[in-house]
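> give me the fold of what follows.
(2 chains)
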2 protein chains.
Amino acid sequence: MKKPLILVTNDDGITAPGLRALISYMKEIGDVVVVAPDSPQSGMGHAITIDNTLYSKKVMIDLEDEKTEEYSCSGTPADCVKLALQELLSRKPDICVSGINHGSNSSINVIYSGTMSAAIEAGIEGIPAIGFSLCDYNWDADFSHAKNEIQKIVREALTNGIPTGVVLNVNIPKLEKKQLKGIKICRQARANWKEKFDKRTSPSGKDYYWLTGEFELLDKGEDTDEWALSNGFVSVVPTQFDLTAHHVIQTINNWNLN
Amino acid sequence: MKKPLILVTNDDGITAPGLRALISYMKEIGDVVVVAPDSPQSGMGHAITIDNTLYSKKVMIDLEDEKTEEYSCSGTPADCVKLALQELLSRKPDICVSGINHGSNSSINVIYSGTMSAAIEAGIEGIPAIGFSLCDYNWDADFSHAKNEIQKIVREALTNGIPTGVVLNVNIPKLEKKQLKGIKICRQARANWKEKFDKRTSPSGKDYYWLTGEFELLDKGEDTDEWALSNGFVSVVPTQFDLTAHHVIQTINNWNLN
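Coordinates of the predicted model:
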């Protein structure tokens, strides 16, 4: 059987340890091509480069692996996927995986996530796609405890396919391997960030702000990604890019608009 | 009765004609505060500024109106809303309106839209919010034909409220006033962009790309925003930020994962 072609990308940049870990796990499953940002793109949401130029170059990061093609790209995660599919790959990949992100993309974080925007972009183009994130912001975080779960999810996606219009948002708790309880299919928990802006003054006397904030969970459900993560499970949220609130169309139709 | 407080923002920048038109329409409804990007932010999706500083300053663009407070901000549309709500406004606004965008944000464009990300950010914070876009990319586009429809939608939103977890994505066809047929509540049409990258060489000999593409409608439904727009209606899509594909949870639960 032909090996699957796996497109690997991320938002932390092509040298991020989380990407390198994901590449090594994927090489045990199929042929890997990497197209990833040349600099960190966290919090980029689904940004794309419209009014600016994009650069891309073939790079070699892992000197012991001459077979895996890797490209860095000056754009956002969504740009990387567009460029990969239209210009860099010789054939349509069988799956696109993004991550492993250094930090959680559970609940409302999915909206701000560059990792997930890459997966969503691939999904829009009709490629099965999965974003992986670890709930640990450290650059030297350990990803290995979830290697089995990550590979299992990718293998099942390759076997079963992912329904049209859906991509998977996978988050991994920061735990020891023996503490991991398994995988749970979940819904996105309702939550938001209680922002605070730290106001400071620059050396030249100009006021500026740093965005900070605290995560605020607003959802007591036990079927959410947040519940799964705090109870030792890897969370999998099927995520869609039809944003229509179909259940509300009736309500708005009763407004006095015409 | 107290006048409603209306937060106005956009993604084309604080001097964009579409924003200036929206401000003038909103001043007939309530008290307006403007917090908008100091430079164009089209295609920024739901990007936020995490690892960088934000600047904001009070500005006066309309010299004949000393009453309306206006602030420019160095960040993305989502940053503008966060900063407005946490730092700049003296009270919670009754509604947030974003736009009028120079260009369509119908169907899949909602994913890439800075205009809609500002509205979604306000929605996450519990503020009723609406994004407005005109299907005309020209900087000197005429917005006036839809003034009545825009005001009607905002007034109805203030009267009825918008259901929790939902914001409105309003698109306006490029037409004469007398050609406008009314307002339709719709779902987001299925569509994507058939990308093409224009490969060029810089003066110093480096290859670079420009993203171009053609819009590809994949949806024959007559209940979509694309149908409404091509048939002379203003489209209103109730849009949610719970991205869970609830209908798919059952399917994925049958995968062999545990």
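
> what sits against A:Leu5?
Residues near A:Leu5 by CB atoms under 8 Å, 6 or more residues apart in numbering or on different chains: A:30-31, A:33, A:89, A:91-94. For the C-beta atoms, the positions are set from N, CA and C on the backbone; glycine is no exception.

> doesn't A:Glu149 make contact with A:Tyr25?
No: in this structure, A:Tyr25 is not within contact of A:Glu149 by CB atoms under 8 Å, at 10.2 Å.

> these two touch, right, A:His246 and B:Cys186?
No: if you go by CB under 8 Å, A:His246 and B:Cys186 don't touch, sitting 10.7 Å apart.

> please say which of these two ends up with more neighbours.
Neighbour count, other CB atoms under 10 Å in any protein chain shown: between A:His246 and B:Cys186, B:Cys186 has more, with 28 against 11.

> can you give me the strands in the stretch 101-250 of chain A?
Taking DSSP state E, counting those that start in this stretch as the criterion, the stretch 101-250 of chain A contains strands spanning A:129-134, A:166-172, A:182-185, A:191-201, A:207-217, A:233-240.

> contacts for stretch A:89-97?
A:4-9, A:22, A:26, A:30, A:33, A:35, A:81, A:84-85, A:118-119, A:122, A:127-132, A:154, A:157-158.

> so A:Ile14, which state does it fall into?
Following DSSP: H, G, I helix; E, B strand; the rest coil, A:Ile14 is assigned to coil.

> so what's it closest to, chain neighbours aside?
In this structure, A:Ile14 finds its nearest non-sequential neighbour in A:Ala36, 4.0 Å apart by CB to CB, 6 or more residues apart in numbering or on different chains.

> in three-state terms, label that neighbour for me.
Under the three-state scheme (three-state DSSP), A:Ala36 adopts strand.

> now do the contacts for it.
Shown in contact with A:Ala36 (CB under 8 Å, 6+ apart): A:8-10, A:13-14, A:19, A:70-73, A:80.

> one more time with 10 Å, if that's ok
With contacts defined as CB atoms under 10 Å, 6 or more residues apart in numbering or on different chains, the neighbours of A:Ala36 are A:8-16, A:19, A:23, A:59, A:61, A:70-73, A:77, A:80, A:84, A:98, A:118.

> got a quick PyMOL command for the buried subset of those residues?
In PyMOL, this line selects whichever of those come out buried by 16 or more other CB atoms under 10 Å in any protein chain shown:
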select buried, chain A and resi 8+9+10+11+12+13+14+16+19+23+70+71+72+73+77+80+84+98+118
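
> okay, now the unreliable bits of chain A?
Counting by pLDDT under 70, chain A contains low-confidence ranges at A:1.

> go again with 90.
Residues of chain A meeting the criterion pLDDT under 90: A:1-2, A:39-53, A:61-67, A:192, A:194-196, A:202, A:205-207, A:211-213, A:258.

> run the angle between the helix ranked longest in it and strand A:166-172 for me.
Of all segments of type helix in chain A, defined using DSSP state H, the longest is helix A:147-160. On the basis of axes from the mean of the first three to the mean of the last three CA atoms, to 10 degrees, helix A:147-160 is oriented at 170 degrees to strand A:166-172.

> show me how far helix A:147-160 is from its chain's centre.
16 Å (CA atoms, centre = their mean, to the nearest Å).

> residues in contact with that helix: which ones?
Defining contact as CB under 10 Å, 6+ apart, one finds that helix A:147-160 is touched by A:4, A:6, A:21-22, A:24-26, A:28-30, A:94-95, A:97, A:99-100, A:128-130, A:132, A:143, A:146, A:162, A:167-168, A:170, A:172, A:177, A:180, A:182-183, A:233-234, A:236, B:251-252, B:254-258.

> could you turn the buried ones of the residues you listed into a PyMOL selection?
This is the PyMOL syntax for the buried subset of those, where burial follows 16+ other CB under 10 Å:
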select buried, (chain A and resi 4+6+21+22+24+25+26+29+30+94+95+97+99+100+128+129+130+132+143+146+162+167+168+170+172+180+183+233+234+236) or (chain B and resi 251+252+255+257)
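
> which one is A:Ser117 nearest to, not counting chain neighbours?
A:His46 (4.1 Å).

> surely that neighbour and B:Ile120 touch.
No: A:His46 is not in contact with B:Ile120 according to CB atoms under 10 Å; the separation is 11.1 Å.

> could you tell me which residues touch both of those two?
Shared contacts of A:His46 and B:Ile120 (CB under 10 Å, 6+ apart): A:111, B:46, B:110, B:113.

> isn't the second one up against A:Ala78?
No: no contact is recorded between B:His46 and A:Ala78 when judged using CB under 10 Å, the distance being 11.3 Å.

> list residues touching both of the two?
With CB under 10 Å, 6+ apart as the test, B:His46 and A:Ala78 both reach A:44-47, A:114, A:117, B:111-112.

> for chain A, which segments count as helices?
Using DSSP H, the helices assigned to chain A run over residues A:17-27, A:77-83, A:114-124, A:147-160, A:225-230, A:249-253.

> the first one near chain B anywhere?
In other words, helix A:17-27. No: residues of helix A:17-27 are not located near chain B by CB under 10 Å from any CB of the partner chain, the shortest gap being 15.8 Å.

> skip the chain neighbours and tell me the closest residue to A:Leu28.
No Leu there; residue A:28 is Glu. A:Gln151 (6.8 Å).

> number of residues surrounding the one you found?
14.

> for it, give its distance to A:Asn101.
A:Gln151 is 17 Å from A:Asn101, where distance means CB to CB, to the nearest Å.

> hmm, back to that, need the strands of the stretch 101-250 of chain A in JSON lines with distance to chain B, can you?
Shown next, in JSON lines, are the strands of the stretch 101-250 of chain A (distance: least, CB to the nearest CB, whole Å):
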{"stretch": "strand A:129-134", "distance to chain B": "11"}
{"stretch": "strand A:166-172", "distance to chain B": "5"}
{"stretch": "strand A:182-185", "distance to chain B": "4"}
{"stretch": "strand A:191-201", "distance to chain B": "5"}
{"stretch": "strand A:207-217", "distance to chain B": "4"}
{"stretch": "strand A:233-240", "distance to chain B": "4"}
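
> point to the residue nearest the middle of chain A.
Nearest to the mean C-alpha position of chain A, counting by CA atoms, centre = their mean, stands A:Thr115 at 2.7 Å.

> show me what contacts that residue?
A:Thr115 is in contact with A:9-12, A:18, A:41-42, A:44, A:77, A:98-103, A:105, A:109, A:131-133, A:169-170, counting by CB under 10 Å, 6+ apart.

> so what's the residue lying closest to it once chain neighbours are set aside up against?
Nearest non-adjacent residue to A:Thr115, counting by CB to CB, 6+ apart: A:Asn101, 4.1 Å away. Neighbouring residues of A:Asn101 by CB under 10 Å, 6+ apart: A:10-12, A:16, A:18-19, A:22, A:42, A:109, A:113-116, A:131-137, A:170-172.

> A:Asn101 bridge partners, please.
Counting by DSSP bridges, A:Asn101 forms beta bridges with A:Ser133.

> I'd assumed A:Leu54 was in contact with A:Ala84.
No: contact criterion CB under 10 Å: A:Ala84 and A:Leu54 do not qualify, at 11.8 Å.

> any shared contact partners between these two?
A:Cys73.

> need the contacts of A:Leu5 in TSV with distance to A:Gly221, can you?
Formatted as TSV, these follow (distance: CB to CB, whole Å):
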residue	distance to A:Gly221
A:Gly30	36
A:Asp31	40
A:Val33	39
A:Leu89	40
A:Arg91	42
A:Lys92	37
A:Pro93	35
A:Asp94	34
